[in-house]
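*Asks:* No letters, just coordinates:
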């Protein structure tokens, strides 16, 4: 068994509560329960897994980061240098083993041998040229030829996001595993589609049930392919989705009304002014990082936000160590939503004040995560700005928010947390170096 390779598959939104509903075949996977990391969002989870450390060490405190020297929040940046710390495969790779990473966040420039990640070119005239970054440079072209079609970014995010994204990734993963000059000894990949309809319609919906059925088929395919190509496998969920049962929460509207958050008016639209704002909230699902200009502003913002309906906790610098998010990149305050709530980024109430990107899929310009991009809006070809449509969210790690994992490999110790699981994988990788 020592010569076998390892396939690690992160399954978006595979909560422990969903495993009983997975219609797997007769060679059924045995799932185990795992406590995930806070905040339970993709970038933080992936950084934790690949470094076996918490956000306080690796620095990925959300999908977005606020660069204080630039006075600018930036979401979905892909440089591997944003993730601090040694990788769990460091000794393994130094011993001559090969490592691959497909569709993981912050993978560009990573110390691995194979990389595949969406990297479109946004044209100055509007629109984009769809493409993927790949290492080696011909990897994407080879996979496109083998699968018979390129990866369609429209299926990965936006109103057209669907199982077609996972379908392509599964096919690409299988091609890599079975191609001798590509197949790495350790391969990371990612299945995104379950997340979409759980957010759109909620984890208890009929659409979620259908997405689970599709996911079961993908897991069966990957398990069978792993066995055929001498790979062990590890499947794990990153976060558990909760039903949204209450109104969305708008912390930036409250901060603006209090005079703490400023806007810049351009052609009748209100754009955020991060240079003159005393406080603003960088929202991400069920958490929000509030950045403030001073200790005095922090105290005032905390007083305002703790009474905002839908806010369960306001963590200042003394409270952040308890959940392992005490990093310099974290906001002076971190908000945690009540169960059934989530944080929406808009600072405006009147639709006419919305910046032009509000009605577009624009994950880099929006200073907050916007799940409304998964719905069509009005006028045609715009995306929705109706936050009430969202029925599922994640980020919290309270009771009932455990995730699931299953593996063909026995680990020395039964992991109780995502960090434990990462450490067990590291021990095995070190033993193979």
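*Replies:* Sure, I can see it. Keep in mind it's a predicted model, so treat the numbers as computed, not measured. Numbering: from 1, shown residues only.

*Asks:* Am I right that residue 10 is in a strand?
*Replies:* Yes - applying DSSP: H, G, I helix; E, B strand; the rest coil, one finds residue 10 inside a strand.

*Asks:* how many neighbours does the closest residue to it other than its chain neighbours have?
*Replies:* Counting by Cβ to Cβ, 6 or more residues apart in numbering, residue 10 lies nearest to residue 190, which is 4.9 Å off, once chain neighbours are set aside. Glycine gets a C-beta too; all of them are placed from N, C-alpha and C. Neighbour count for residue 190, taken as other Cβ atoms under 10 Å: 23.

*Asks:* what about the strands in the stretch 301-433 of the chain?
*Replies:* For the stretch 301-433 of the chain, the strands defined by DSSP state E, counting those that start in this stretch occupy 311-315, 333-337, 392-393, 403-407.

*Asks:* these two touch, right, residue 286 and residue 342?
*Replies:* Yes - counting by Cβ atoms under 8 Å, residue 286 touches residue 342, with 5.3 Å between them.

*Asks:* I'd like the strands of the stretch 301-433 of the chain written out as CSV, with mean pLDDT added.
*Replies:* Converted to CSV, the strands of the stretch 301-433 of the chain look like this (pLDDT from 0 to 100):
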stretch, mean pLDDT
strand 311-315, 98
strand 333-337, 98
strand 392-393, 98
strand 403-407, 97
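
*Asks:* Please produce CSV containing the ones you listed, extended by mean neighbour count.
*Replies:* Compiled in CSV, the strands of the stretch 301-433 of the chain are given as follows (neighbours: other Cβ atoms under 10 Å):
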stretch, mean neighbour count
strand 311-315, 19
strand 333-337, 25
strand 392-393, 24
strand 403-407, 23
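
*Asks:* do you know which of these lies nearest residue 20?
*Replies:* strand 403-407 (9.9 Å; Cβ to Cβ).

*Asks:* Would you pull up how far that closest one lies from the middle of the chain?
*Replies:* Here strand 403-407 shows a centroid-to-chain-centroid distance of 17 Å under the convention Cα atoms, centre = their mean, to the nearest Å.

*Asks:* repeat for stretch 125-142
*Replies:* Between the centre of stretch 125-142 and the centre of its chain there are 21 Å (Cα atoms, centre = their mean).

*Asks:* pLDDT of it, averaged?
*Replies:* The average pLDDT within stretch 125-142 is 93.

*Asks:* same deal with stretch 185-203?
*Replies:* Rounded mean pLDDT across stretch 185-203 is 98.

*Asks:* Double-check that the residue nearest to residue 10 belongs to a strand.
*Replies:* Yes - Residue 190 forms part of a strand when assessed by three-state DSSP.

*Asks:* In contact with it, which residues?
*Replies:* Residues in contact with residue 190 (Cβ atoms under 8 Å, 6 or more residues apart in numbering) are 9-10, 12, 102-104, 169.

*Asks:* tell me, what's touching residue 286 and residue 342 both at once?
*Replies:* Listed as contacting both residue 286 and residue 342 by Cβ under 8 Å, 6+ apart are 393, 395.

*Asks:* Helix, strand or coil: sort out residue 213 for me.
*Replies:* Strictly by three-state DSSP, residue 213 counts as helix.

*Asks:* and what of residue 219?
*Replies:* Going by three-state DSSP: residue 219 is helix.

*Asks:* thought it was touching residue 237?
*Replies:* No - using Cβ under 8 Å, residue 219 is not in contact with residue 237, being 11.3 Å away.

*Asks:* picking up where we left off before, now, which of the contacts of residue 190 sits nearest residue 140?
*Replies:* Nearest to residue 140 among those, with distances taken as Cβ to Cβ, is residue 102, at 10.6 Å.

*Asks:* List the beta-bridge partners for the closest one.
*Replies:* residue 116 (DSSP bridges).

*Asks:* Quote the end-to-end distance of stretch 201-209.
*Replies:* Terminal residues of stretch 201-209 lie 11 Å apart, using Cα to Cα, to the nearest Å.

*Asks:* Next: stretch 19-34.
*Replies:* 12 Å.

*Asks:* List of residues touching that stretch?
*Replies:* With Cβ under 8 Å, 6+ apart, stretch 19-34 has contacts from 16, 209, 212-213, 215-216, 219-220, 223, 235-237, 402-406, 414-418, 420-421.

*Asks:* List only those of those flagged as buried.
*Replies:* Listed as buried from the contacts of stretch 19-34 are 16, 212, 215-216, 219-220, 223, 235-237, 402-406, 415, 417-418, 420-421; burial here means 16 or more other Cβ atoms under 10 Å.

*Asks:* distance between the ends of stretch 337-353?
*Replies:* Start-to-end, stretch 337-353 (Cα to Cα) is 26 Å.

*Asks:* State the pLDDT value of residue 233.
*Replies:* You'll see residue 233 listed with a pLDDT of 97.

*Asks:* That one touches residue 222, doesn't it?
*Replies:* Yes - Residue 233 lies in contact with residue 222 (Cβ under 8 Å); the separation is 6.6 Å.

*Asks:* shared neighbours of the two, anything?
*Replies:* Applying Cβ under 8 Å, 6+ apart, one finds that residue 233 and residue 222 are jointly contacted by 7, 9.

*Asks:* that older thread, what residues do residue 219 and residue 237 have in common as contacts?
*Replies:* Residues within reach of residue 219 and of residue 237 at once, by Cβ under 8 Å, 6+ apart, are residue 11.

*Asks:* Got the phi and psi for residue 79?
*Replies:* Note on residue 79: backbone dihedrals following degrees, to the nearest 10 are phi -70, psi 130.

*Asks:* so who does it touch?
*Replies:* Per Cβ under 8 Å, 6+ apart, neighbours of residue 79: 106, 108-109.

*Asks:* just to revisit the earlier point, any idea which of the contacts of residue 190 is the one closest to residue 179?
*Replies:* Residue 179 lies nearest to residue 102 out of those, by Cβ to Cβ, at 13.1 Å.

*Asks:* Look at stretch 42-62 and report the distance between its end residues.
*Replies:* End residues of stretch 42-62 are separated by 8 Å (Cα to Cα).
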